[in-house]
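1. Quick one: sequence plus predicted model below, questions after.
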Amino acid sequence: MFFSAHRPSRPATGRGGMRCACTLLPLLLSCFLAPVAAAAAPEAEPAVENSERAGEPMPPGEALAAIEPRLSTRIDLLAAEPVIRNPVAACVDAAGRLLVAENLTYAEKPLKTDPRFRDRVTMLEDADGDGSAERHATLVDGLEGLASAAVGRGGLFLIPPL
């Protein structure tokens, strides 16, 4: 599940965010980047299995109600299953869309990865500003071992586990 928190806007204090992004860019570039190969359309994925031993997860509405906001006056549910499954990282592009790295190949021991699934990057967009993602699309599919995604230099960096 992804929640968005609304904070009162503050006046801009210069280009500190850009300096931070420029400082992190060499670090991202030094990481191994996942190859994105053009491949045929992936086959349909098998049904999702819940491997959790502690029972079923809390429904999204209940999880939202259980949050006690301290820094924000409002918290919205941006997206939940089945739109987003097993998110491991997220970043925001220049248009304000949330890009979510989903690691669907993760499996418990002894497998480590489940070859029946493929990882993907999904884009979520709140078109009308109400805090809920009305639009979602799969940007990249058919990956294996996706650990993170980052936006920069006009593109999307896909980062595998090191």
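-> Sure thing, it's come through. Numbers count the residues shown, from 1 in each chain.

2. Check which helices and strands whichever strand or helix holds residue 99 is in contact with.
-> Under the criterion of DSSP states H and E, residue 99 resides in strand 98-102. Contact partners of strand 98-102 among helices and strands, from 3 or more Cβ pairs under 8 Å, 6 or more residues apart in numbering; DSSP states H and E: strand 74-79, strand 87-92, strand 119-125, strand 148-152. In short, each C-beta sits where N, CA and C put it, glycine included.

3. Follow the chain on from the helix or strand of the chain with the lowest mean pLDDT and name the next helix or strand.
-> In the chain, the helix or strand scored least confidently by mean pLDDT, DSSP states H and E is helix 16-30, which has a mean of 41. Counting by DSSP H and E, the next helix or strand C-terminal to helix 16-30 is helix 60-66.

4. what pairs with the longest strand that the chain contains, and is each one parallel or antiparallel?
-> Counting residues, the longest strand found in the chain (DSSP state E) is strand 135-143. On the basis of DSSP bridges, the sheet neighbours of strand 135-143 come out as strand 119-125 (antiparallel).

5. residues in contact with the partner strand?
-> With contact meaning Cβ atoms under 8 Å, 6 or more residues apart in numbering, strand 119-125 is reached by 2, 78-79, 83-84, 93, 95-105, 133-146, 149, 156, 158.
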